[in-house]
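Colleague: Build the 3D model from these lines:
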Amino acid sequence: MKHKIILDCDPGHDDAIAILLAGHHPEIELLAITTVAGNQSIDKTTLNALKVCSFAGLTSIPVFRGMEEPLLINPEYAADVHGESGLDGAKLPDPLIQAQKTHAVDFLIQTLLASDGDITLVPTGPLTNIAVAIRKEPAILPKIKGISLMGGAIGLGNVTSSAEFNIYFDPHAAAIVFGCGRPITVCPLEVTHQALATDDVLSRLRSKNRPVANMAADLCEFLKSKDPYLPASPIHDPCAVAAVIDPTIIKGDLIRVEIETVGEWTKGRTVCDVHRKLGEVPNAFVGYNLEAERFWDMTIETLLTY
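Modeller: Numbering: from 1, shown residues only. Below you'll find the predicted structure:
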C-alpha cells in the first residue's frame, strides 16, 4: 500500500528535488503540495512549486498557497543561498497550472478531517502552515498519521551557530508542532549533511540526458556554487521523503526535543535531549545517520523515471 503524503514546502532547490522524489516514487501517493514562506516569499515559493510540477509533468497534483510570514517574528528569507527567485540556476518555463483557490491551512484541515488517519505530513520548510492548522482546528491531530520533517540540528546550526534555517525562520510554529503529540520523525542537519550531491551523484543524474534529472543536477550544482568550501552540496529536503518511503534508511533515537523561541544567541535551536536530562517524555525520533548510498539510489532511480 502506498504512503499517502502531503508535502509542505518552500521551494527552494532541495524542496524541488523532494517534490520530484515524492511525485514519481512508486511507494508514495502525493496527495498535494502546500507552500509556505521560507527560502523566499510565499509568492515565489508557490510559483516555484508550480514551475517544478509543470516541468516534470506533475500537473495533476494540486498546489495550495499557504502562510505568508512566521507567526510572531519578521521573515528572513534565504536569498543568499537560493537566489532572488528562490530557485536560481534552474531555467524553468512559466507554469502550466495555477495554485488552488483554497488556502493551504484550510486544505490541510479539510483533508485531514475527511481522512482515515492515513496521511503523513512531510514538511521541508518552516512549520507555519501545520502549526496554524493545529491551532485553528485541533481535531485534526488524531487524524495525522505522522510527521516526517526536515529541520533542526542536534549540534550546530546552518543559519546561526545554534539554529537550522527552517526552525529559525518560525520557531514558534516549530514549538507548536513538536508539542502536538503526534509521531514525528526529524531529519536534522546531522542526517542531511550526509546526503551530499557528489560528482558521482551528478554524473548519474545526467547519465541518461533526461530533462528532469538534468534539471535536478543543475539545482545541486547551483547550491554547490554558493559555498565553494564544501566538497559537495548537502541536499536536505528529500531526506524527509525518503524517511517515509523506507524508515530504516535513517538511524536515530526517540528523544525529547524542545524549541528555543527567544534566546539572544539560540533562537530557533532544537534542544535535543540526547542524554535524557530534561526528564520529559520523548516526542520525536531524531535521526543522526543516513544510509547515503541507499538514499541516492532511491532518489536517482526515481528521477530517471521522468
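Colleague: if I look at residue 27, how far off is residue 272?
Modeller: Per C-beta to C-beta, to the nearest Å, residue 27 is found 29 Å from residue 272. The C-beta positions use only the backbone N, C-alpha and C, and glycine is treated the same way.
Colleague: List the buried residues for whichever strand or helix holds residue 111?
Modeller: Under the criterion of DSSP states H and E, residue 111 resides in helix 104-113. Residues 104-109, 111-112 are the ones in helix 104-113 that count as buried (16 or more other C-beta atoms under 10 Å).
Colleague: got it, and stretch 87-103?
Modeller: For stretch 87-103, the neighbour count (16+ other C-beta under 10 Å) marks 87-90, 92, 95, 97, 99, 102-103 as buried.
Colleague: that older thread, more neighbours, residue 27 and residue 272?
Modeller: residue 272 (22 against 12; other C-beta atoms under 10 Å).
Colleague: Might you report the residue contacts of the more buried one?
Modeller: 152, 154, 188, 255-257, 286 (C-beta atoms under 8 Å, 6 or more residues apart in numbering).
Colleague: Who does it form a beta bridge with?
Modeller: Assessed by DSSP bridges, residue 272 has beta-bridge partners residue 257.
Colleague: ok, now how distant is it from residue 179?
Modeller: Distance from residue 272 to residue 179, by C-beta to C-beta: 15 Å.
Colleague: before we move on, back to that, include pLDDT and distance to residue 80 when you put the buried residues of helix 104-113 into TSV, please.
Modeller: Below are the buried residues of helix 104-113 laid out as TSV (pLDDT from 0 to 100; distance: C-beta to C-beta, whole Å):
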residue	pLDDT	distance to residue 80
104	99	26
105	98	28
106	98	33
107	98	31
108	98	30
109	98	34
111	98	34
112	98	35
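Colleague: got the contact list for the helix holding residue 111?
Modeller: 6, 8, 31-32, 34-36, 64-67, 100, 102, 119, 121, 129-130, 132-133, 136-137, 139-140, 143-144.
Colleague: Only the C-alpha atoms, please, for it, written as PDB.
Modeller: Extracted in PDB, the C-alpha atoms of helix 104-113 (Å, rounded to 0.1, in the frame of the first residue of the first chain):
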ATOM      1  CA  ALA A 104      -3.200  25.700   2.300                       C
ATOM      2  CA  VAL A 105      -4.200  25.700   6.000                       C
ATOM      3  CA  ASP A 106      -7.900  25.200   5.200                       C
ATOM      4  CA  PHE A 107      -6.900  22.400   2.700                       C
ATOM      5  CA  LEU A 108      -4.900  20.600   5.400                       C
ATOM      6  CA  ILE A 109      -7.800  20.800   7.900                       C
ATOM      7  CA  GLN A 110     -10.400  19.700   5.400                       C
ATOM      8  CA  THR A 111      -8.300  16.900   4.000                       C
ATOM      9  CA  LEU A 112      -7.200  15.500   7.400                       C
ATOM     10  CA  LEU A 113     -10.700  15.600   8.900                       C
END
